[in-house]
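Need coordinates for the following:
(one chain, ligands or ions: 1)
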Amino acid sequence: VEYKSEVKPTWCPGCGDYGVLAAFIRALGEMKIPTHKLSIVSGIGCSSRFPHFVRGYNLHTVHGRALPVALGVKIANPEIEVFVVGGDGDGFAIGGGHIPHVARRNPDMVYIILDNAIYGLTKGQVSPTSTLTMTTTTTPYGAIEPPINPVMLLLAYGATFVARGFSSNTKQLTQLIIEATRHKGFAAIHVISPCPTFNMEITFDFVREKVVEIPPEHDPTNKLKAFELAMAQDKIYTGIFYREERPTFESNLEKIISKFDGAIDEAVKKERLEKLFDQFA
Ligand code: SF4
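This is a model prediction of the structure:
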C-alpha cells in the first residue's frame, strides 16, 4: 500500500516532524492498515499539517479541536482506525480541556503529540511545554512559567496507554505507534520533536543527551512507577509508561444503544438516540 500522499511535507529542513512521519508511515505499512479504513485528524500547527502527507480519510480541523472531531469519526464508524496528530500548543493550551474527557471516555484511537515546546507555525511564541526562562518571541526576557509535564497529565487523566518517543529514534517510535494502535482504548504517545528553526534550547543534542529508554523490567501496569518515571528531572524516559485494559467508549455506547432495541418503536428509538448524542454536542 502506498501511504504517502502526493503532497510533499512543507516543514522546515531538519524539523523533527519528518522523523515522526517516517515512523508513522512505516508503522502503517507493518500493520497493513488499508487507506480506506484510516483517518488522521489534526488541529492547527506545524505538526497538524500531518494529514495532508498521508493517504486516508483525513481531516485538518480547527485549533485545539481535533480530539472531539476524532471522537465523532470513531462513533460514526468504529471500523475506522483513528489517529489524532497535533502539537503541544494545540493539545495542551487551547485544546487542553478536551484531553481529560477523551481520556476518561477511552475511545479506541491513537493521539500522537509532537512536542517541540514552541509555537513554530506562528514563528516562535512560548508554549505550555517551553522551559522556565526560555527566550521566545513572546518572552524576550525569558519565560516566567514552568512547563507542564504531558506524560504526568495523560497518566492523571486516565489514558489507558501512555508512551513517549523521540523523533530521531524512528525505530522505537514505529514500535510505539504499532503498540498504541493495537491497544484497545485511548492511546497517547508524547513525542519530543525538536524545532530547529525557533527553539534554540530543546535542540536535538539537548534531547539526545537526556533520552533513556524505560528499563525492560518496568511493569507498565504499575501506575505509581509510571508517574515516577514521568517525574524524572535529569532524564527523558522513552517507551511505554503505562497500559491498562478498560471498556472502550464505543463498547459502553453500544451497550446503551442495545437497550433501545426490541419493543420500542422506531420513533421512540430515534428520539432516545438523539438525546444520547446531545451529550456530546
Ligand atoms: Fe518544524 Fe519548527 Fe519549522 Fe515548524 S517552524 S516546520 S516545528 S522546524
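
What are the buried residues along stretch 235-251?
Ile236, Tyr237, Thr238, Gly239, Ile240, Phe241, Tyr242, Arg243, Thr248, Phe249, Glu250 (16 or more other Cβ atoms under 10 Å). The way it works is simple: take the backbone N, C-alpha and C, and place the C-beta from them, glycine included.

whoops, stretch 206-215 was the one
Residues of stretch 206-215 classed as buried: Phe206, Val207, Val211, Ile214 (neighbour count, 16+ other Cβ under 10 Å).

element containing the residue of the stretch 151-281 of the chain found nearest the ligand?
Distances between the stretch 151-281 of the chain and the ligand by Cβ to the nearest ligand atom are smallest at Cys195, namely 3.1 Å. For Cys195, there is no enclosing helix or strand under DSSP states H and E.

SS state for the nearest residue to Lys223 once chain neighbours are set aside?
Nearest non-adjacent residue to Lys223, counting by Cβ to Cβ, 6 or more residues apart in numbering: Tyr242, 5.8 Å away. Assigned with DSSP: H, G, I helix; E, B strand; the rest coil, Tyr242 falls in the strand class.

who are the neighbours in contact with Tyr242?
Applying Cβ atoms under 8 Å, 6 or more residues apart in numbering to Tyr242 gives the contacts Leu155, Ala159, Phe161, Val162, Pro220, Thr221, Asn222, Lys223, Ala226.

For PyMOL, write a command that selects the buried ones of these.
Buried residues among the contacts of Tyr242 (16+ other Cβ under 10 Å), as a PyMOL selection:
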select buried, resi 155+159+161+162+220+223+226
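
Same list (the contacts of Tyr242) but as CSV, adding pLDDT.
Below are those laid out as CSV (pLDDT from 0 to 100):
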residue, pLDDT
Leu155, 98
Ala159, 98
Phe161, 98
Val162, 98
Pro220, 98
Thr221, 98
Asn222, 98
Lys223, 98
Ala226, 98
